[in-house]
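>>> Structure for the following, please:
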Amino acid sequence: MFLNARYVKGFVVGNKNDFNDAAAIFDAVTRPNKRTVSIKTIEQQDIQLVHRIREGLVGKRTALVNQVRGLLSERGIVIPKGIKKVRVELPLILEDSDNDLTDLSREMFAEQYEKLVALDEEIKQQDRRISRLCNSNQLSQRFLDVPGIGAITAHHHSLKIRETEPKRSDDF
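Next up is the predicted model:
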């Protein structure tokens, strides 16, 4: 059985040391309403890996878009918020010879645009992987029947439900 460390912390008496930590763990385990942490299977860890990698890629893409928008605004070129706006406007800005961008800055922004396209492709690849996993999971497919829920959300929630399945008392 695993206990959430935040739950055990409330039982620590005195300064933090091994003896007090062990006593706190004992007190927490003997309570009737334990908040246990489920043990993930290898399959669940793999699924979580796919979702976390996708989240990281989305974060990188957002950071890149914000950086490009900020750097362009320092040069007097403003692109409205949104990734779609940057995808559309940046190539037009790079082709426009009337703006005040130097050759070096055009080259740098072109590289950033290529990174954006590459990140978009990596995210699409992860989306396809998640869709495949979602279609092979019965619980995820049931979530897909709910209006407004796509493969990513359905698959993520099916993972969470499997994590929180009730444990039998003889699992200890």
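
>>> Flag the shaky bits of this protein, pLDDT-wise.
Residue ranges of the chain with pLDDT under 70: 1, 3-4, 6-7, 34-38, 162-172.

>>> let's see 90
Along the chain, segments meeting pLDDT under 90 span 1-48, 96-100, 133-172.

>>> Name the residue closest to the centre of it, please.
residue 55 (2.9 Å; CA atoms, centre = their mean).

>>> which SS state does that residue fall under?
helix (DSSP: H, G, I helix; E, B strand; the rest coil).

>>> how about it, what does it touch?
Taking CB atoms under 8 Å, 6 or more residues apart in numbering, we find residue 55 in contact with no residue. Where you see a C-beta, it was placed from the backbone N, CA and C, and this is true even at glycine.

>>> Only alpha carbons, please: show the helix or strand containing residue 19 as PDB.
Taking DSSP states H and E as the criterion, the element that holds residue 19 is helix 18-30. What follows is helix 18-30, C-alpha atoms only, in PDB (Å, rounded to 0.1, in the frame of the first residue of the first chain):
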ATOM      1  CA  ASP A  18      13.600   9.000  10.400                       C
ATOM      2  CA  PHE A  19      12.000   8.000  13.700                       C
ATOM      3  CA  ASN A  20       9.300  10.700  13.600                       C
ATOM      4  CA  ASP A  21       8.700   9.900   9.900                       C
ATOM      5  CA  ALA A  22       8.200   6.200  10.700                       C
ATOM      6  CA  ALA A  23       5.800   7.100  13.600                       C
ATOM      7  CA  ALA A  24       3.800   9.300  11.300                       C
ATOM      8  CA  ILE A  25       3.600   6.600   8.600                       C
ATOM      9  CA  PHE A  26       2.400   4.100  11.300                       C
ATOM     10  CA  ASP A  27      -0.200   6.600  12.500                       C
ATOM     11  CA  ALA A  28      -1.500   7.300   9.000                       C
ATOM     12  CA  VAL A  29      -1.700   3.600   8.100                       C
ATOM     13  CA  THR A  30      -3.700   2.700  11.200                       C
END
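
>>> Next, please give the residue ranges for the strands of this structure.
Using DSSP state E, the strands of the chain run over 2-3, 36-37.

>>> if I look at the residue sitting furthest away from the middle of the chain, how far off is residue 150?
In the chain, the residue that sits farthest from the middle, by CA atoms, centre = their mean, is residue 98; the gap is 40.0 Å. Distance, residue 98 to residue 150, by CB to CB, to the nearest Å: 42 Å.

>>> Just give me the neighbour total for residue 73.
Residue 73 has 11 neighbouring residues, counting by other CB atoms under 10 Å.

>>> Could I get the contacting residues of it?
residue 79.

>>> any idea how far residue 113 is from it?
Using CB to CB, residue 73 is found at 16 Å from residue 113.
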